[in-house]
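Enquirer: For reference, the sequence and a predicted model appear below.
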Amino acid sequence: MKEIFEFGKFRLDVREHVLERTDCGDRVALPDKAFDTLCILVRNHGRLVEKDHLLSSVWADSFVEENNLNKSIHAIRKALGENGDLKFIETVKKHGFRFVADVKAINGEREPSNGTQQNGATVRKFPHAVSSPQPHVATSALAIAALPEDVEERDTPVETDSAYPASVAKFRLPTALAERRRTRFRTFSLIAAAAFILVVAAASIYRFTQPGISENAVPSLAVLPLRSLDPAARDRSVELAVADSLILKLDESKAFNVRHLNAVRNFIDSDEDPVSLGRELEADYVLASNYQISGGQIRVTSRLINAGSGETEQTFKSETDTQDVFAMQDAVANEIGNAVLVRFGKPEGTYASKRGTQNEEAFNLYNESLYLVDKSTRDDSAKAAELLGRAVLLDPNYAQAWALRAQAYCQVAHFGGGPPEEIFTIAEPMLQRSLSLDGDNAVALTIRGIINRDYHWNFPDAYKDLDRAIKIDPEYNMAHRILAGLYFCELRYAKAVEEQKKAVDINPTSVLERWLLGLYLTSAGQRDEGIKQLDRVVEMDPNFAPAYHSLSLAYHFAGDKDKAYENFIKYKEVVGSDQTTIANYRDAYQKTGWTGVLRTELLLARSKDTKGKYSGAKYYIASIAALVGEKDIAFDYLEEALRFHLLEISIIKADHRFDSLRKDPRFQDILRQAGLTTNS
């Protein structure tokens with residue numbers, strides 16, 4: 001059936017892809033995306049169409065910025081001759097657009113609310129909500145979280161990839177709506193994923209006090225990502241890949257205690273000087289390299305720097321052909337790596353990187369995805385999942401790409417990207433594929449450990465996966481972090497502290513690792529030491545909002561309500577809450593104290609949530625209700641959190657916010673339903 005609409009002096013024929021003037025019969029030219037945008041707006045005339053819906057519908061097969069949508073809206077307005085007196089499209093600030101002109105539908109119908117047609121196939125959708133900023137699973141019960149003021153429900157298509165089973169699908173997400181919202185999501189993402197997703201590098205206050213190392217000690221070495229001398233010709237995949245090859249070669253020699261790639265790859269965009277980075281990484285030496293690609297050649301210059309004295313002890317150079325990327329990486333790693341070994345009186349050797357693929361494009365996509373995954377945001381994780389989908393299409397036997405893609409999906413789930421059941425159904429077959437190709441893949445085992453811990457609440461299998469991952473790669477800090485969180489879930493606080501200290505030792509610059517250590521120390525009864533660690537996190541990165549959450553709740557349980565409130569307000573300011581909202585909290589504090597602030601927060605959180613409908617905020621609302629003594633509300637939302645299988649349920653036994661509920665039979669029933677009544 002045709003879809004034809006008339007408005008003003010225009011006639012829109014959707015099926016024929018024609019927009020024409022009714023007064024003269026002239027056709028009006030519009031770019032394809034602008035035309036598609038107009039069709040959605042007209043079908044929904046008189047109703048608000050959210051930006052995310054437009055982005056995910058019109059640009060379903062690509063990731064674009066909001067600017068693309070704005071350009072389409074501008075093109076439509078120009079084509080329709082909109083001016084101050086004639087208005088077709090209303091902008092609803094921060095939300096979307098509304099077609100306000102009178103519309104007459106001729107055999108027309110409104111935009112369907114569930115599912116869209118793409119390439120002839122119906123694409124199912126599920127709600128896409130902002131993650132609760134409560135620190136998810138195994139982070140801690142020690143952070144007060146606040147919901148973003150603009151929590152919305154969004155549609156996120158899941159599109160079947162015909163190259164492999166339907167259960168292994170592409171996950172697509174719209175880009176952030178604006179820079180302010182992007183900043184918020186980045187903050188909330190860090191909180192939601194804090195227990196398990198990737199490291200976040202930040203400046204440490206550590207400085208060496210001794211310029212040298214003991215004569216018999218094995219020196220520690222940090223190999224930094226390469227830096228391009230020509231920013232216009234920069235290639236991030238080269239910067240990471242060559243650094244990784246150097247790390248593996250030098251580590252294989254056993255001549256050094258080499259910092260893991262996970263600990264240094266966060267510095268790929270850092271402008272900080274190598275000496276400072278080396279000291280932050282608590283390394284004795286730093287290998288800092290720059291490169292230039294020209295005329296089919298890559299020239300690499302590396303400086304061996306004593307991190308204690310700050311002096312460059314030796315400079316090494318390598319020049320090789322770039323035609324074969326893999327051969328180039330091995331040549332640079334061997335030439336410079338051997339020169340470093342000779343400098344320390346160690347024998348030279350020949351090294352060949354174990355990349356897992358011989359497909360150059362797949363390898364480059366993998367390295368680009370590493371960069372995106374490390375950014376620890378929902379949108380970047382979704383983009384990484386897409387790129388890795390292309391990588392495994394190019395090489396279906398690329399075990400590392402399958403594992404990293406599952407990790408990207410796992411991050412999306414913990415960042416509140418949709419119901420866990422939807423996302424983990426997609427991710428788990430990827431892990432199976434990865435482990436069938438490489439049974440010793442530490443990343444795949446760690447991600448499976450996360451899913452067993454946080455989604456299946458199967459702690460025994462999670463222990464098996466994580467123990468095995470650590471045996472395979474003892475320097476994989478993420479595995480130590482997830483294991484620490486698992487100990488926390490089972491109230492084994494001392495073990496959680498012990499394991500988290502290992503993660504900090506591997507990556508001392510990570511505010512995420514130090515934050516979790518502070519949380520576990522507090523839970524273990526070492527409140528002063530825990531608060532000291534959290535204060536250090538704030539010194540390392542004053543914009544790391546989760547630290548203020550954690551300090552707020554730590555002071556709450558210490559009985560210092562003034563400091564609890566002070567850190568809560570700092571959190572609100574860091575995430576960019578509007579002044580009206582902050583003023584409401586200040587007013588509540590003046591009138592009814594800290595409890596009034598919590599009640600105000602509970603009211604706001606509930607106003608953003610719909611009972612019976614999925615959102616990642618259910619558990620958080622329950623926790624605030626429990627803190628202020630609203631037991632019935634707390635249990636209502638815990639039941640909903642359980643119904644939607646929210647990931648935070650895994651920490652419920654360790655979450656002190658629910659202490660007031662533990663003797664209630666309803667709480668024990670929640671534990672029984674989740675299978676958490678006994679320790680594993």
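Expert: Perfect, I can see it now.

Enquirer: So for the longest helix along the chain, what gets flagged as buried?
Expert: Longest helix in the chain by number of residues (criterion: DSSP state H): helix 579-607. Residues of helix 579-607 classed as buried: 584-585, 588-589, 594, 596-602, 604-606 (neighbour count, 16 or more other CB atoms under 10 Å). All C-beta atoms are positioned from the backbone trio N, CA, C, and that covers glycine.

Enquirer: any residues touching the helix or strand following that helix, and which ones?
Expert: As assigned by DSSP states H and E, the chain's next helix or strand after helix 579-607 is helix 618-627. Helix 618-627 has contacts (CB atoms under 8 Å, 6 or more residues apart in numbering) with 132-134, 141, 145, 147, 556, 598, 601-602, 605-606, 609, 631, 633-638, 640-641, 644, 646, 648-649, 655, 657-661.

Enquirer: Give the rounded mean pLDDT of the longest helix of the chain.
Expert: What helix 579-607 shows for mean pLDDT is 95.

Enquirer: Now do it: which elements does it pack against?
Expert: Counting contacts by 3 or more CB pairs under 8 Å, 6 or more residues apart in numbering; DSSP states H and E, helix 579-607 packs against helix 561-574, helix 618-627.

Enquirer: need those helices in CSV with mean pLDDT, mean neighbour count and distance to residue 313, can you?
Expert: CSV is the format used below for the helices and strands packed on helix 579-607 (pLDDT from 0 to 100; neighbours: other CB atoms under 10 Å; distance: least, CB to CB, whole Å):
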stretch, mean pLDDT, mean neighbour count, distance to residue 313
helix 561-574, 94, 19, 41
helix 618-627, 96, 27, 52
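
Enquirer: could the ones you listed be laid out in a markdown table, adding distance to residue 453?
Expert: Shown next, in a markdown table, are the helices and strands packed on helix 579-607 (distance: least, CB to CB, whole Å):
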| stretch | distance to residue 453 |
| --- | --- |
| helix 561-574 | 27 |
| helix 618-627 | 16 |
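
Enquirer: Out of the ones you listed, which gets nearest to residue 490?
Expert: Across the helices and strands packed on helix 579-607, residue 490 has its closest neighbour in helix 618-627 (18.3 Å, CB to CB).

Enquirer: related to what we said a few turns ago, can you say which of the helices and strands packed on helix 579-607 is nearest to residue 409?
Expert: Nearest to residue 409, of all the helices and strands packed on helix 579-607, is helix 618-627, at 20.6 Å by CB to CB.

Enquirer: Next, the angle helix 579-607 makes with that closest one.
Expert: 100 degrees (axes from the mean of the first three to the mean of the last three CA atoms, to 10 degrees).

Enquirer: following helix 618-627, which helix or strand comes up?
Expert: helix 631-643.

Enquirer: residues making contact with whichever helix or strand comes after that next one?
Expert: Later in the chain than helix 631-643, the nearest helix or strand by DSSP H and E is helix 665-674. Outside helix 665-674, the residues that touch it by CB under 8 Å, 6+ apart are 457, 635, 638, 639, 642, 649, 652, 653, 658, 661, 677.

Enquirer: Grab the nearest non-local neighbour of the second one.
Expert: Take residue 635 and drop its neighbours on the chain: the residue closest to it by CB to CB, 6 or more residues apart in numbering is residue 666, 5.0 Å away.

Enquirer: now the fifth one
Expert: For residue 642, ignoring the flanking residues on the chain, the nearest one in space by CB to CB, 6+ apart is residue 673 at 5.7 Å.

Enquirer: Just give me the neighbour total for the one you found.
Expert: Neighbouring residues of residue 673 were enumerated by other CB atoms under 10 Å; the total is 14.

Enquirer: how close does it get to residue 630?
Expert: Remark: distance between residue 673 and residue 630 (CB to CB, to the nearest Å) = 21 Å.

Enquirer: Repeat that for residue 496.
Expert: Residue 496 sits 30 Å away from residue 630, taking CB to CB as the criterion.

Enquirer: Counting neighbours around each, name which of these two comes out higher.
Expert: residue 496 (28 against 18).

Enquirer: Which helix or strand contains that one?
Expert: Residue 496 belongs to helix 493-506 when assigned by DSSP H and E.

Enquirer: Show me what the next helix-or-strand element following that helix is packed up against.
Expert: Downstream of helix 493-506, the next assigned helix or strand under DSSP H and E is helix 511-523. Packed against helix 511-523 by the contact rule (3+ CB pairs under 8 Å, 6+ apart) you find helix 477-489, helix 493-506, helix 527-540, helix 545-558.

Enquirer: closest one to residue 336 among the ones you listed?
Expert: Of all those, helix 493-506 sits nearest to residue 336, with 23.9 Å by CB to CB.

Enquirer: Any idea how many residues pack against residue 230?
Expert: 11.

Enquirer: and what of residue 460?
Expert: Quick note: residue 460 (other CB under 10 Å) scores 8 neighbours.

Enquirer: any idea how far residue 492 is from it?
Expert: Going from residue 460 to residue 492 by CB to CB gives 14 Å.

Enquirer: Next: residue 419.
Expert: According to CB to CB, residue 419 and residue 492 sit 30 Å apart.

Enquirer: Same question for residue 310.
Expert: Residue 310 is 42 Å from residue 492, by CB to CB.

Enquirer: Quick one, which of the contacts of helix 665-674 has the minimum pLDDT?
Expert: Scanning those for pLDDT, the smallest score is found at residue 677, 79.

Enquirer: Can you list the low-confidence ranges for the stretch 51-200 of the chain?
Expert: In the predicted model of the stretch 51-200 of the chain, residues 60-65, 84, 107-200 satisfy pLDDT under 70.

Enquirer: try 90
Expert: 51-72, 74-75, 77-79, 81-87, 90-96, 104-200 (pLDDT under 90).

Enquirer: elements contacting whichever helix or strand residue 422 is part of?
Expert: Taking DSSP H and E as the definition, residue 422 sits inside helix 420-437. Contact here means 3+ CB pairs under 8 Å, 6+ apart; on that basis helix 420-437 packs against helix 399-414, helix 442-454.

Enquirer: what's the shortest one packed up against?
Expert: Taking 3+ CB pairs under 8 Å, 6+ apart as the contact definition, the neighbouring helices and strands of helix 442-454 are helix 399-414, helix 420-437, helix 459-472, helix 477-489.

Enquirer: so what are the domain limits for this protein?
Expert: When the chain is parsed with automatic domain parsing, its domains come out as 4-111, 220-344, 609-680.

Enquirer: That'll do, ta.
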